[in-house]
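> can't give you the sequence, but here's the structure:
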């Protein structure tokens, strides 16, 4: 059974738009925070990964909006690894408005490992080992 | 032959992140601007669509990052309708760094027509007619 | 002796700019979060204040930047009331990078109480009483 | 008689908050855009100033909010130099909602010239000469 990282996020006034909801792009900021906390829990703060010469630019995102969040909501973000290859990985984040059982937003973010020149590199084995317990790869994928 | 809407966007300092590139979520803000200008050109400013009681929350986004933009770039955004159904449509935006021939980012944003209570409604026929010339639906859908 | 509200804020990647620092406008977002948490601690969540028909648009800000924060910093925000009048108040927030003893940023934000039409109103006495312990008015002010 | 730089800004959906107004921090982003266009008009694109080794971090901002902007407003930003010293300058930006005669927001942003290490440096004389025509220093200052 794979692990899932969980953290919370408080919606700020600035996150909202005139529809009185979190603006659609801002969920990606929330997901970035969730990924950062996931990597920290896995023992690899992203700041240290970058300091070590490895960067993870985003190659692709797929975001589905099933609902929405409003000002001051305390959201729960559940993140896991949905794909792990030699030089790329995808981290999915499900965002919940408690006590909701279904996520309001699900984002899948594909990242590529590159060096400081932008050249693709292999994901280091210690990082790979640390995040493998969070791998929940779709069987039919 | 279908139409494509074109507009430009100047990258601000605030759009960038510590990688010296436009932060990944901010391309969605640029795409929102491009959609607004596209609808204005089609004769239906989004502000007026909303004033008329129709809203278009985002249901889904797919963003592919092939490159990146930096501070002060004058980007070109090319938008068209990639799907047009009774109650939903998708607007795709390709972002170019001139004189690049290939887009650095391509986003497909699916919108659903709803009334002020959030109930799905049909896209009004005059709006449908106005944007149909911009429809470039994939034959293999 | 007056009270000071304290909370923390983790700097996200999206908060930074190409100087590898938090973008100057984003400190105001951090201060808004700090004010929200301050009011919650005082027993008046801002969401409830607004639900009660009172709004606090910002009338004026003064921000001094003595230093800067970088990605992944865990900042400490210390907020207090620097002015309390019949219909306006100012909340100051000092932002620290631990273990720094001096703030990197100090913002003073003046807010005016208005009703839903924008008309100035008196600050309700229960809210006034709740935040008075946090008042640290400059004697020479 | 001093010069004033003028440019326009279209308010995006993402700029707004649940009050249906531009979020208070976002006016600083608009001002940054206005300063960039001002410097470009003066012959010194900020990107080139930085490429030449001079940076202008913000030291202080003072923002007064007299009104507000809403979604899709086409704002006019009028910028000028309000102070010019050896190593610092202040650029003020007035934001108007046409056809308003009074600004809705006025921001004064003080910048300090530093080199890439953060050490204060003199403002280069060619830049100083280029922006001096835009100087409108308060006589009583």
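Good, I have the coordinates. Quantities reported herein were computed from a predicted structural model and do not represent experimental measurements. Residues are numbered from 1 along each chain as shown, chains lettered A, B, ... in the order given.
> three-state assignment of residue A:109?
Under DSSP: H, G, I helix; E, B strand; the rest coil, residue A:109 falls in the strand class.
> surely it meets residue A:58?
Yes - proximity of residue A:109 to residue A:58 meets the contact threshold set by CB atoms under 8 Å, at 5.8 Å. For every residue, glycine as well, the C-beta is placed using N, CA and C.
> which of the two has more neighbours?
residue A:109 (25 against 22; other CB atoms under 10 Å in any protein chain shown).
> measure the more buried one to chain B for me?
As judged by CB to the nearest CB, to the nearest Å, residue A:109 and chain B stand 8 Å apart.
> where does that residue sit relative to residue A:54, distance-wise?
Going from residue A:109 to residue A:54 by CB to CB, to the nearest Å gives 17 Å.
> ok, now residue A:35?
14 Å.
> between those two, which one's more packed in?
Taking neighbours as other CB under 10 Å, residue A:35 and residue A:54 compare with residue A:35 leading, 24 against 19.
> Spatially, and excluding backbone neighbours, which residue is closest to that one.
Nearest residue to residue A:35, sequence neighbours excluded (CB to CB, 6 or more residues apart in numbering or on different chains): residue A:91, at 5.2 Å.
> Now do the SS call for the residue nearest in space to the middle of chain A.
Chain A has residue A:35 as the residue nearest its centroid, 3.8 Å off, counting by CA atoms, centre = their mean. Secondary structure state of residue A:35, per three-state DSSP, is helix.
> residues of the longest strand anywhere in chain A that come out buried?
If you go by DSSP state E, chain A has its longest strand at strand A:74-84. Under the neighbour-count criterion of 16 or more other CB atoms under 10 Å in any protein chain shown, strand A:74-84 has A:75-84 buried.
> what packs against the helix or strand just after it?
The first helix or strand that comes after strand A:74-84 along the chain, using DSSP states H and E, is strand A:88-96. Packing partners of strand A:88-96 (3 or more CB pairs under 8 Å, 6 or more residues apart in numbering or on different chains; DSSP states H and E): helix A:26-41, strand A:74-84, strand A:105-112.
> Looks like the residue nearest to residue A:35 contacts residue A:84 (just checking).
No - Residue A:91 lies out of contact with residue A:84 (CB under 8 Å); the separation is 9.8 Å.
> Give me the angle between the helix or strand harbouring residue A:62 and strand A:88-96.
For residue A:62, the host element (DSSP H and E) is strand A:58-65. Relative orientation of strand A:58-65 versus strand A:88-96 (axes from the mean of the first three to the mean of the last three CA atoms, to 10 degrees): 20 degrees.
> for strand A:58-65, packing partners?
helix A:26-41, strand A:105-112, strand B:58-65.
> rerun that using 6 Å as the cut-off
strand A:105-112, strand B:58-65 (3 or more CB pairs under 6 Å, 6 or more residues apart in numbering or on different chains; DSSP states H and E).
> in that strand, what counts as buried?
A:58-65.
> What of stretch A:19-35?
A:19, A:21-35.
> which ones are touching residue A:94?
Counting by CB atoms under 6 Å, 6 or more residues apart in numbering or on different chains, residue A:94 makes contact with A:78, A:103, A:106.
> What residues does chain A have near chain D?
With CB under 6 Å from any CB of the partner chain as the criterion, chain A meets chain D at residues A:13-14, A:16-18, A:20, A:23, A:71.
> ok, of the residues you listed, which one's closest to chain C?
Of all the residues of chain A next to chain D, chain C sits closest to residue A:14, with 4.7 Å by CB to the nearest CB.
> wouldn't that closest one be in contact with residue D:21 here?
No - taking contacts as CB atoms under 6 Å, residue A:14 lies outside contact range of residue D:21: 11.8 Å.
> and for those two, which residues touch both?
Common contacts of residue A:14 and residue D:21, defined by CB under 6 Å, 6+ apart, are absent altogether.
> Between the buried residues of strand A:58-65, which sits nearest chain C?
Distances from chain C to those, taken by CB to the nearest CB, are shortest for residue A:58, at 10.3 Å.
> pLDDT wise, what is the closest residue in space to that closest one that isn't next to it in sequence at?
Distance criterion CB to CB, 6+ apart; nearest residue to residue A:58, sequence neighbours excluded, is residue B:24 at 4.5 Å. pLDDT recorded at residue B:24 is 98.
> do residue A:139 as well
62.
> Next: residue A:71.
98.
> Share the number of residues neighbouring it, please.
Neighbour number of residue A:71 under other CB under 10 Å is 20.
> do the same with residue A:52
Residue A:52 has 11 nearby residues by other CB under 10 Å.
> Alongside chain B, which residues does chain A contribute?
Residues of chain A lying near chain B (CB under 6 Å from any CB): A:24-25, A:28-29, A:58-65.
> how about 7 Å then?
A:24-25, A:28-29, A:55, A:58-65 (CB under 7 Å from any CB of the partner chain).
> Contacts for the longest strand of chain A next, please.
A:2, A:4-11, A:30, A:34-35, A:38, A:69, A:89-98, A:108, A:128, A:131-132, A:134-137 (CB atoms under 7 Å, 6 or more residues apart in numbering or on different chains).
> Which PyMOL command selects the buried ones in those?
Entered in PyMOL, the line below selects the buried ones among these, by 16+ other CB under 10 Å:
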select buried, chain A and resi 5+7+9+11+30+34+35+38+69+89+90+91+92+93+94+95+96+97+108+128+131+134
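> what's the neighbour count on the closest residue to residue A:114 other than its chain neighbours?
Spatial nearest neighbour of residue A:114, excluding adjacent residues (CB to CB, 6+ apart): residue A:55 at 5.2 Å. Counted with other CB under 10 Å, residues neighbouring residue A:55 total 18.
> dump the residue contacts of residue A:55.
A:114, A:116, B:19.
> In chain A, where is pLDDT below threshold?
Applying pLDDT under 70 to chain A picks out residues A:139-141.
> Around chain C, which positions in it sit nearby?
Within chain A, the positions near chain C by CB under 7 Å from any CB are A:12-14, A:29, A:32-33, A:45, A:47, A:71-72.
> please redo it, this time with the cut-off set to 8 Å
Contact residues (CB under 8 Å from any CB of the partner chain) of chain A with chain C: A:10, A:12-14, A:29, A:32-33, A:36, A:45-47, A:71-72.
> quick revisit: between the buried residues of strand A:58-65, which is nearest residue A:122?
Each of those was checked against residue A:122 using CB to CB; the closest is residue A:59, at 15.7 Å.
> Got phi/psi on the residue nearest to residue A:114?
phi -120, psi 150 (degrees, to the nearest 10).
> Next one: it from chain C, what distance?
11 Å.
> Chain D versus that residue, what's the distance?
21 Å.
> again with residue A:96
21 Å.
> Return the residues in contact with that residue.
A:75-78, A:102-104 (CB atoms under 8 Å, 6 or more residues apart in numbering or on different chains).
> just residue A:103 next, same as before
A:66-67, A:78, A:94-96.
> So residue A:132, which state does it fall into?
helix.
> Who's the closest spatial neighbour of it, skipping the chain neighbours?
Closest to residue A:132 by CB to CB, 6+ apart is residue A:84, at 6.8 Å.
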